[in-house]
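Engineer: Build me a model:
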Amino acid sequence: MFNQNAIINLIIFALYMGIMIGIGAFFYKKSESHSDYILGGRGMNPWVTAMSAQASDMSGWLLMGLPGLAYASSLGASEAIWTAIGLAIGTYLNWLIVAKPLRNYTQICGDSLTIPEFLHKRFHSKNSALRLISAIVILVFFTFYTASGFVSGANLFNQVFGINYQTALLISVFVVVIYTFLGGFKAVCWTDLVQGILMFIALIIVPVSLFRSLSGTNMNWSDFSSIRLLPDGTANTFSLISIIGAIAWGAGYFGQPHILARFMAIKSSKEIRPARIIAMIWVIISLAAAVALGILAKPYLEAHFGISLQTTAEQQKVFMILVQNMFPSVVAGVLLSAILAAIMSTADSQLLVAAGSVSSDFYKPFLNKKATDKELVWVSRITVIIIAIIAGIIALDPESSVFELVSYAWAGFGSAFGPIILCALFWKRTNGKGALAGVLGGGLVSFLWRYAGAFLGWFGVSTVPKIFSLYEIVPGFLISLALIIIVSMATEKPSDEITAEFDRVRSAK
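Structural biologist: Have a look, this model is predicted:
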């Protein structure tokens, strides 16, 4: 059975999960309308919006994938550093240039609740092809994204309590589903606020404690001079292609539906600026701390415990291993709850956005155009359960890489939606045909690029060209953007009604 430390952790986890489920139950009766359940009635304040956007953005990979990546590349942790830089830049630009116009445009465009609905109404589409394709992209990539959260949760319960991975996976799925099912968007955002604060505290405490511990040893700090941010021609350094791919993570922000939904839900566009400041402080400190944690963990664990983490599954548990070895049981339990917070804050958002897309973009337009608000809420709730089950099946492999699952979904969304969101907000000449070409092209290129090696192998090509090691968001984003421009320019101009609406949004304050 459980030892004393595990029992203490279990009590803390149970209390934490109880609070989250309690928040879901509290908002159950406050989410009776479809707008409330999917977008919180557009009534979120700056603090909740900022913390929810960033907590749902970073997910379990901030405490598992990113530190694990920094640890895996030893003291030459360039990939993790450049990825963090790209994410920080992308976060800032997303808040700076996308948040306000998207908030205004989605409200003016028939009070759109989802990204597919916004694109459909933005271009006054005469058919539902763009809306349908966009919804399919959301369902496919969010299922993989949610699976990454469940893998993180299963690894957490497995590491802390020593229970079977599959059993741990079931617990992870159940906890996330129950309060998302109950409370909808408001519950998700308010739990994200709590979870974001807990993640932030944990990411400060652990690397600071690591640094203090290493400072009291005979650690040779000159070893850290081996970290290289630019390639120097040696076999072990980070390549230019890898640097471009890592920074390109930032471009993915423009197309992440679960983050864009927070911009759409804020009470007023005037509150975007204070929310941006809060978000950037959280992001910069959290990313820097996560990378520092991974870099410092390797010499610390080797010097104090003789531990060397070899596999991906072991490396992405580095935060848990540190906490369990460095802190008293009660403190460790609270810090480990931060991983649960990171997992829950993203998985719930993804489930909710995907569920909203099913009810708003599949069920109502194609199956029941007269569906009531109450009916749509229940369709969304049932969809939460179905998607969670599918994601759980994908997550059954305990060797699944959290970082790889996240990077796959991130590239898919960034490529399919990033360019069209930017063009829809800032280029008046964009039309519906260009939008459809961009969403389809970006999503397909992102998928095909990742599996280029396998595809080329079918044709007898044994050596895959080095260019295909480039993160797929780069070609996906660029090709999507090119298709939007080319197809829009080659087809009819938007109507006067569409351009007048565009000008009205651009002049809105």
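
Engineer: Pull the residues that contact the helix or strand hosting Tyr105.
Structural biologist: With the criterion set as DSSP states H and E, the secondary-structure element containing Tyr105 is helix 99-108. With C-beta atoms under 8 Å, 6 or more residues apart in numbering as the test, helix 99-108 has contacts from 42, 112-113, 118, 122, 260, 263-264, 266, 269, 272, 275-276, 421, 424-426, 501, 504-506, 508. The way it works is simple: take the backbone N, C-alpha and C, and place the C-beta from them, glycine included.

Engineer: swap in stretch 274-281?
Structural biologist: For stretch 274-281, with C-beta under 8 Å, 6+ apart as the criterion, the contacting residues are 46-47, 49-51, 53-54, 88, 91-92, 95-96, 99, 266.

Engineer: How about it, which residues are buried there?
Structural biologist: Of the residues in stretch 274-281, those scored as buried under the neighbour-count criterion (16 or more other C-beta atoms under 10 Å) are 275-276, 278-280.

Engineer: my read: Arg429 touches Val487, true?
Structural biologist: No - with contacts counted by C-beta atoms under 8 Å, Arg429 stays clear of Val487, the gap being 11.0 Å.

Engineer: Give me the more crowded residue out of those two.
Structural biologist: Relative neighbour count places Val487 above the other of Arg429 and Val487, with 19 against 14, counting by other C-beta atoms under 10 Å.

Engineer: Phi and psi next, for Ile266.
Structural biologist: The phi and psi torsions at Ile266 (degrees, to the nearest 10) take the values phi -60, psi 150.

Engineer: Restricted to buried residues, select the contacts of stretch 274-281 in PyMOL.
Structural biologist: Buried members of those can be picked out in PyMOL with the line below, counting by 16+ other C-beta under 10 Å:
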select buried, resi 46+49+50+51+53+54+88+91+92+95+99+266
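
Engineer: Would you point out the most distant pair within the contacts of stretch 274-281?
Structural biologist: Within the contacts of stretch 274-281, two members stand farthest from each other by C-beta to C-beta: Ala88 and Ile266, at 21.1 Å.

Engineer: State the distance from Ile178 to Gly43.
Structural biologist: Distance, Ile178 to Gly43, using C-beta to C-beta, to the nearest Å: 24 Å.

Engineer: let me redo that: Thr312
Structural biologist: Computed as C-beta to C-beta, the Thr312 to Gly43 distance reads 41 Å.

Engineer: now Ala490
Structural biologist: In this structure, Ala490 and Gly43 are 42 Å apart, going by C-beta to C-beta.

Engineer: Between the two, which has more neighbouring residues?
Structural biologist: Between Ala490 and Gly43, counted using other C-beta under 10 Å, Gly43 has the larger neighbour count: 16 against 11.

Engineer: show me the residues around that one that make contact.
Structural biologist: When contacts are counted by C-beta under 8 Å, 6+ apart, Gly43 is found next to 265, 267.

Engineer: Could you tell me how far it is located from Asn127?
Structural biologist: Counting by C-beta to C-beta, the gap between Gly43 and Asn127 amounts to 33 Å.

Engineer: where's the closest residue to Ile266 other than its chain neighbours, which helix or strand?
Structural biologist: Nearest residue to Ile266 in three dimensions, chain neighbours excluded: Thr49, at 4.5 Å (C-beta to C-beta, 6 or more residues apart in numbering). Using DSSP H and E, the element containing Thr49 is helix 46-58.

Engineer: List the contacts of that helix.
Structural biologist: For helix 46-58, the external contacting residues (C-beta under 8 Å, 6+ apart) are 44, 91, 188-190, 192-193, 195-197, 199, 253, 256, 258-259, 262-263, 265-266, 271, 274-276, 278-279, 282-283, 286, 341-342, 345-346, 348-350.

Engineer: tell me which of the contacts of stretch 274-281 is nearest to Leu203?
Structural biologist: The closest of the contacts of stretch 274-281, once distances to Leu203 are taken by C-beta to C-beta, is Gln54, at 11.9 Å.

Engineer: pLDDT at that closest one, what is it?
Structural biologist: If you check Gln54, the pLDDT there is 87.

Engineer: Nearest residue to the middle of the chain?
Structural biologist: For the chain, the residue whose C-alpha lies nearest the mean C-alpha position (C-alpha atoms, centre = their mean) is Asp57; its distance is 3.9 Å.

Engineer: Return the set of buried residues in the helix or strand where Val151 lies.
Structural biologist: With elements taken from DSSP H and E, the one containing Val151 is helix 129-161. For helix 129-161, the neighbour count (16+ other C-beta under 10 Å) marks 130-161 as buried.

Engineer: ditto for stretch 104-121
Structural biologist: Neighbour counts over stretch 104-121 (16+ other C-beta under 10 Å) mark 104-109, 112-121 as buried.

Engineer: What is the most widely separated pair among those?
Structural biologist: Asn104 and Pro116 (18.6 Å).

Engineer: Report the secondary structure state of Gly110.
Structural biologist: Per DSSP: H, G, I helix; E, B strand; the rest coil, the local secondary structure of Gly110 is coil.

Engineer: Spatially nearest residue to it, not counting backbone neighbours?
Structural biologist: Taking C-beta to C-beta, 6+ apart as the measure, Gly110 lies nearest to Lys121, with 4.7 Å between them; neighbours along the chain are not counted.

Engineer: What residues does the one you found make contact with?
Structural biologist: The neighbours of Lys121, taking C-beta under 8 Å, 6+ apart as the test, are 109-110, 112.

Engineer: Dump the residues you listed into TSV; add distance to Pro207 and pLDDT as well.
Structural biologist: Output for the contacts of Lys121, formatted as TSV (distance: C-beta to C-beta, whole Å; pLDDT from 0 to 100):
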residue	distance to Pro207	pLDDT
Cys109	44	85
Gly110	47	82
Ser112	41	88
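
Engineer: Buried ones among the contacts of helix 46-58?
Structural biologist: Among those, those classed as buried by neighbour count (16+ other C-beta under 10 Å) are 44, 91, 188-190, 192-193, 195-197, 199, 253, 256, 258-259, 262-263, 265-266, 271, 275-276, 278-279, 282-283, 286, 341-342, 345-346, 348-350.

Engineer: out of those, which are inside helices?
Structural biologist: Using DSSP state H, the subset of these located in helices is 91, 188-190, 192-193, 195-197, 199, 258-259, 262-263, 265, 275-276, 278-279, 282-283, 286, 341-342, 345-346, 348-350.

Engineer: separation between Ser59 and Ile498?
Structural biologist: Applying C-beta to C-beta, one obtains 36 Å for the distance of Ser59 from Ile498.

Engineer: Tell me which of those two has more neighbours.
Structural biologist: Set side by side, Ser59 and Ile498 show more neighbours around Ser59, with 27 against 17, by other C-beta under 10 Å.

Engineer: okay, that one: pLDDT?
Structural biologist: Looking at Ser59, its pLDDT stands at 70.

Engineer: State the distance from the closest residue to it other than its chain neighbours to Thr191.
Structural biologist: Spatial nearest neighbour of Ser59, excluding adjacent residues (C-beta to C-beta, 6+ apart): Thr346 at 3.3 Å. For Thr346, the distance to Thr191 (C-beta to C-beta) stands at 11 Å.

Engineer: just Asn325 next, same as before
Structural biologist: Taking C-beta to C-beta as the measure, Asn325 falls 29 Å from Thr191.

Engineer: what do you get for Phe327?
Structural biologist: Taking C-beta to C-beta as the measure, Phe327 falls 24 Å from Thr191.
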